[in-house]
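Trainee: coords below, sequence missing:
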């Protein structure tokens, strides 16, 4: 796992990342979550790429939501193992 991927994984574990479906209010992509869980701007391109890789590796998942709401990006059980290994290193 690259440093960018590890940082993106930690951001997801902290609840800092949402996925915007693009159905309203802007293009599809990963966005930051503010303290109350609302979208707070797009993540940088490098982190978006890292998040896409993490999703492909099934280390993070986009939680299903009803309607067009932004979805939380959460760490999967496999991703949690990588978090604990990262903290131990």
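Mentor: Yep, it's here. All of these numbers come straight from a predicted model, not from anything done at the bench.
Trainee: by contact count, what packs against the least confident helix or strand in the chain by mean pLDDT?
Mentor: Within the chain, no helix or strand scores below helix 77-88, which has a mean of 79 by mean pLDDT, DSSP states H and E. When contacts are defined as 3 or more Cβ pairs under 8 Å, 6 or more residues apart in numbering; DSSP states H and E, helix 77-88 packs onto helix 3-13. Bear in mind the C-beta positions are built from the backbone N, C-alpha and C, glycine included.
Trainee: about what we covered before: what sits up against the least confident helix or strand of the chain?
Mentor: With Cβ atoms under 8 Å, 6 or more residues apart in numbering as the contact definition, helix 77-88 has outside contacts at 1, 6, 9-10, 12-13, 54, 57-60, 75.
Trainee: tell me the buried residues in that helix?
Mentor: Within helix 77-88, the residues that qualify as buried are 79, 82-83, counting by 16 or more other Cβ atoms under 10 Å.
Trainee: measure the residue nearest to residue 59 when sequence neighbours are not counted to residue 67 for me?
Mentor: Nearest non-adjacent residue to residue 59, counting by Cβ to Cβ, 6 or more residues apart in numbering: residue 79, 3.5 Å away. Noted for residue 79: a distance of 26 Å to residue 67, by Cβ to Cβ, to the nearest Å.
Trainee: now residue 37
Mentor: 15 Å.
Trainee: between those two, who's got more neighbours?
Mentor: Between residue 37 and residue 67, residue 37 has the larger neighbour count (other Cβ atoms under 10 Å), namely 12 against 7.
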